[in-house]
Each structure stands twice: as C-alpha cells, then as structure tokens.
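> dropping a prediction and its sequence here:
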Amino acid sequence: MKRGGDLAVTALAGIIAVPLGLVIALLIRATMGGPVIFRQTRSGRHGQEFRILKFRTMRDKRHPDEPDAPRITRLGALLRKTSLDELPQLWNVVRGDMGVIGPRPTLPEQVVHYSPRQRGRLALRPGLTGWAQIRGRNSISWPERIELDLWYIEHRTLLLDLRILVGTARMLLRPTGITAAGGVNPGFPIPAEAPAPAAPRVVLPRQATAAAPRLAREELRG
C-alpha cells in the first residue's frame, strides 16, 4: 500500500520535476561541466547500501586539501537552499531504494556508530522527507533527529504522513534548517572509547612471594 502511494506521488511530482530537472541539468553543465549528477553511497532499509542521486552543487577541487565550502557554486547554493538538488532522488524512489516519507538516509560510516536502539531507524525505507525534516532538519543535533525518526516509525499513520507532506511544502516555500551552524551537524553519537583492558593478575608461587621483599631491597640498593 505504502509502495503504491510512493509511486503515485512520484508520478505526480514528475510532471513538474522532469522538465525542471532538465533545465537544472543544462545550467549545471554550462557552469560546472560534467558530471551533472552526484552519486554517494548511503545506508537504506535494514542497512542495505545504495547510491543516492543529487544534482551536483560543487565544482572540482583546485588542490587536494581544498575544503568543501568554497567549492559550492552560486547555482549550487541556490539548489541547496531550495532543496532542488534532491530532485534526482525521485528516481531512487522509483527504483525502490527510498520512499517519499521516512528517515533521511545516512552514510554507512555514521550507521556503524548507531546503538541497537538507533538502528531501529533502518526499519523503513529512507525518505525524501520525514518527521525530523519538518521538526528542525539539520539545525538540530543527530541524537534529536534519530529520536524523531524513531518516534515516527512507532507512530506512523496516513494522517501523520499527510501532515509531513504539508510541512514539507511549507519548508520548500520558506526554507529553514538546511545547514547547522558552521555547516556541521552537532552531536553525532559516537560510542566512548572502550576502556583499556585491566592488566592480568599474576599469582606468584609461595617461594617467589617470600623472596619479593628481599628483591625489592636489592633494587633500592642498586
């Protein structure tokens, strides 16, 4: 049922998305050259990896250590601000990698840090938008976003999905929370470093135990 709804929404969105996407692709090609599409590995349902699609928003690096921020073009900044860089993900929905509504897909190197509870957000197909997206998006910390996603999974209904779609439409008209302060999403839960193993306890034979004080005195004299 949900899969059929995803395809129906994608078909309706495609009426506008396809011609708009062609215009965006031509603009990217004219200002940055190829490739037009950016592909990145993400974790999907049950942790199965797939290649997410986005319109390219950054030019090539001028030197190996160049950071990402200066590479974002004026067109790329506009695409990010309006979320139009996400349009190619409609194809991810058609392929079945994603749904329309669900937790946003994250990088595999982030997923490996999930606690058993947090891995519960992988129970659904990732979505184009979701409960966490309309409740703060990237302006809230990772633990908050994960908890919002888990809440959605436990309480999802058709009415809640409609509420998310309406909230997403409002955000597209008045974008907020696209990036966190400094461009870094705060508070991703990385487990504390495991404590160093305790030194093995050595049980000395009775004879060696008796000789220990004498050996200590000899070391002090040495």
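On my side now, so go ahead.
> strands of the chain, start to end?
37-43, 49-55, 99-101, 127-129 (DSSP state E).
> for the second one, which outside residues touch it?
It stands for strand 49-55. Outside strand 49-55, the residues within contact range by C-beta atoms under 8 Å, 6 or more residues apart in numbering are 21, 24-25, 28, 36-44, 79, 84-89, 91-92, 95, 97-98, 105, 108. Quick note: C-beta positions are derived from backbone N, CA and C, even for glycine.
> now with 7 Å, please.
24, 28, 36-44, 79, 84-89, 91-92, 97, 105, 108 (C-beta atoms under 7 Å, 6 or more residues apart in numbering).
> drop anything exposed from the residues you listed.
24, 28, 36, 38, 42-44, 79, 84-89, 91-92, 97, 105 (16 or more other C-beta atoms under 10 Å).
> pull the longest helix from the chain.
helix 2-32 (DSSP state H).
> now that helix: buried residues?
Asp6, Val9, Thr10, Gly14, Ala17, Gly21, Ile24, Ala25, Leu27, Ile28, Met32.
> just send the residues you listed back as CSV, with pLDDT too.
Listed next are those as CSV, based on pLDDT from 0 to 100:
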residue, pLDDT
Asp6, 93
Val9, 92
Thr10, 94
Gly14, 93
Ala17, 95
Gly21, 96
Ile24, 97
Ala25, 97
Leu27, 97
Ile28, 97
Met32, 92
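> in helices only, show me the buried ones among the contacts of strand 49-55.
Those of these lying in helices (DSSP H): Ile24, Ile28, Leu79, Gln89, Trp91, Asn92.
> could I get those residues as JSON lines with distance to Leu173?
JSON lines is the format used below for these (distance: C-beta to C-beta, whole Å):
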{"residue": "Ile24", "distance to Leu173": "19"}
{"residue": "Ile28", "distance to Leu173": "24"}
{"residue": "Leu79", "distance to Leu173": "16"}
{"residue": "Gln89", "distance to Leu173": "19"}
{"residue": "Trp91", "distance to Leu173": "24"}
{"residue": "Asn92", "distance to Leu173": "24"}
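> check those and tell me the two furthest apart.
Greatest spatial distance among those (C-beta to C-beta): Ile28 and Asn92, at 18.6 Å.
> flag the shaky bits of the protein, pLDDT-wise.
1, 175-222 (pLDDT under 70).
> swap in 50 and give it another go.
Counting by pLDDT under 50, the chain has low-confidence residues at 180-184, 191-222.
> residues touching the most centrally placed residue in it, list them.
In the chain, the residue lying closest to the centroid (C-alpha atoms, centre = their mean) is Thr106, at 2.6 Å. Counting by C-beta under 7 Å, 6+ apart, Thr106 makes contact with Arg42, Ser43.
> show me the beta-bridge partners of Phe55.
Taking DSSP bridges as the rule, Phe55 bridges to Ile37.
> any idea how far it lies from Gly14?
Shown here: Phe55 relative to Gly14, a distance of 15 Å by C-beta to C-beta, to the nearest Å.
> doesn't Ala77 make contact with Met58?
No. Using C-beta atoms under 7 Å, Met58 is not in contact with Ala77, being 9.9 Å away.
> which of these two has more residues huddled nearby?
Between Met58 and Ala77, Met58 has the larger neighbour count (other C-beta atoms under 10 Å), namely 17 against 14.
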